[in-house]
Structures are given as structure tokens and as C-alpha cells.
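Visitor: Here's my sequence, what's the structure:
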Amino acid sequence: MYEKLDVSIKPTSALRQVNARALVAVLASAAFAISGCTGSTEQPPAPTTSPTTHQPATSSDPASTPAPTVTPSSTPTTAKPDFPPAVAPAALHHGGIYWGVYVTVVRADGNYRVTPGDQKRLDAARESLTDLGYEPDSGAYDIGCEQGLQEQLHLDPQRIYATVRIFFATHAQAEQFVEAYQPGVVGTAKVTLYCMD
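Guide: The predicted model follows:
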């Protein structure tokens with residue numbers, strides 16, 4: 001009914017050899033694991049260099065160290081926009097066809113006067129164009145003197161308007177100005193000028 005188990009007792013020196021080998025294996029594995037855990041998995045940082053200068057290797061003699069070389073930066077710089085030349089007011093002629101850029105358009109009353117607030121807008125627009133080197137034409141006038149303006153800017157033909165505007169010889173020049181002028185414009189219109197006598 002009972003089975004006999006073979007239990008033998010091994011000498012202690014044999015157990016010590018097995019335990020010593022197991023201990024060495026466990027310690028080696030633990031040392032390897034610990035060294036892997038303490039090391040960083042991140043890549044070492046790349047050497048830093050300034051985007052505008054490169055420093056050559058230095059020598060121990062300061063007199064023989066060359067000056068840093070300056071190279072273009074990869075950071076874009078903001079350049080002043082190129083503004084095209086406008087037609088000078090004195091060169092405008094009766095019946096001439098131009099591209100008008102209307103920087104400001106405000107309503108005037110029946111006596112060609114504007115409110116103080118609108119006058120400030122007109123003055124600011126005129127000053128802005130003058131600062132860019134233009135000779136803007138401004139004031140209140142009959143918009144019928146600029147044929148095509150009313151239709152292209154959707155202005156009421158029964159009203160009087162005051163504007164600050166400059167004229168260009170070509171559509172491309174007018175568009176170049178509109179793209180470069182940061183305060184923005186009311187619009188552009190291809191007009192035939194009358195009332196120039």
C-alpha cells in the first residue's frame with residue numbers, strides 16, 4: 001500500500017558545488033540586468049552648434065586659433081516688401097486708363113465734407129502712403145469722374161465719397177502693391193479718368 005520512496009542524502013560538498021554554480025549564475029544575471037537598468041535608453045545628445053557660426057577645432061596655441069566662420073542662418077528673415085512705382089498725380093491725364101488702388105473710401109455729405117472720425121481715417125491712410133514714398137491723391141469728389149469705380153467697388157451712385165488712392169499703369173503693379181501693403185485696401189478698380197481739365 002505504501003510505496004517506498006528512494007530518498008538519498010547527498011553529501012554537503014556536492015550541494016555546495018551546485019549552489020555555488022547557481023549563485024554565480026544568478027549573480028551574473030543580476031549584474032547584467034542591473035547594468036542594463038542603470039544605463040539610459042536615450043541616445044546621447046547631439047553636439048550643439050549655433051546656426052550662424054561654426055567653430056573649428058582649437059589648438060593649444062590661442063594665436064593660431066582661426067576666427068569663427070559666419071554662415072547664413074536657416075531662420076527666415078522678414079524683408080521689406082517691394083512696392084511698385086505709382087503714376088505721379090501730375091502725370092495722370094484726362095481719358096487715361098489706370099488701375100486705382102483705393103486705400104480708404106468714406107462717405108461725404110452733400111457739401112463734400114466728411115466727419116472728424118472719417119477725416120482721421122483719410123489722414124492716416126494718406127500719411128501711410130506718403131511714408132512709403134507715394135504721392136496719394138485724396139479728397140471728396142464726384143465718383144463719376146473715375147469711370148468704372150462705382151461698378152467695381154459697388155458704390156452708391158447717389159452718394160459723394162472721399163478717398164485716398166494711388167494709380168498704377170498696370171494691373172500687375174496694383175496687385176503687387178495690394179499684396180505688400182499691410183494695413184489693407186478697400187479695393188482696386190480699372191478706371192478711366194475724367195474731370196482732369
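Visitor: What is the longest strand belonging to the chain packed up against?
Guide: In the chain, assigned by DSSP state E, the strand with the most residues is strand 97-108. Applying 3 or more CB pairs under 8 Å, 6 or more residues apart in numbering; DSSP states H and E, one finds that strand 97-108 makes contact with helix 116-131, helix 149-153, strand 160-168, helix 171-180, strand 187-193. (C-beta placed from N, C-alpha, C; glycine too.)
Visitor: and with 10 Å instead?
Guide: helix 116-131, strand 137-141, strand 146-147, helix 149-153, strand 160-168, helix 171-180, strand 187-193 (3 or more CB pairs under 10 Å, 6 or more residues apart in numbering; DSSP states H and E).
Visitor: Distance to Asp109 for those - can I get that in JSON lines?
Guide: Putting these into JSON lines (distance: least, CB to CB, whole Å) gives the following:
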{"stretch": "helix 116-131", "distance to Asp109": "10"}
{"stretch": "strand 137-141", "distance to Asp109": "9"}
{"stretch": "strand 146-147", "distance to Asp109": "20"}
{"stretch": "helix 149-153", "distance to Asp109": "18"}
{"stretch": "strand 160-168", "distance to Asp109": "7"}
{"stretch": "helix 171-180", "distance to Asp109": "29"}
{"stretch": "strand 187-193", "distance to Asp109": "23"}
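Visitor: quick one: His93 and Asp142, what's the gap?
Guide: According to CB to CB, to the nearest Å, His93 and Asp142 sit 18 Å apart.
Visitor: ok, now Thr192?
Guide: 14 Å.
Visitor: Over to Leu155?
Guide: 11 Å.
Visitor: How about Arg165?
Guide: The value you get for Arg165 to Asp142, if CB to CB is used, is 14 Å.
Visitor: What of Phe168?
Guide: 22 Å.
Visitor: repeat for Gly100
Guide: 15 Å.
Visitor: Who has more neighbours out of the two?
Guide: Gly100 (24 against 12; other CB atoms under 10 Å).
Visitor: Wait, the more buried one touches Gln173, no?
Guide: No. Between Gly100 and Gln173 there is no contact under CB atoms under 10 Å: 11.5 Å.
Visitor: which residues do these two both contact?
Guide: Taking CB atoms under 10 Å, 6 or more residues apart in numbering as the criterion, Gly100 and Gln173 both touch Val87, Phe167.
Visitor: Low-confidence bits of this protein, can you list those?
Guide: The model of the chain has pLDDT under 70 over residues 1-81.
Visitor: show me what contacts Pro136?
Guide: Contacts of Pro136 by CB under 10 Å, 6+ apart are 86, 89, 101, 103-104, 122, 125-130, 163-167.
Visitor: Drop anything exposed from these.
Guide: 86, 101, 103-104, 122, 125-126, 128-129, 163-167 (16 or more other CB atoms under 10 Å).
Visitor: With respect to Gly187, which of the residues you listed is nearest?
Guide: Val101 (8.0 Å; CB to CB).
Visitor: how far away is that closest one from Leu153?
Guide: 11 Å.
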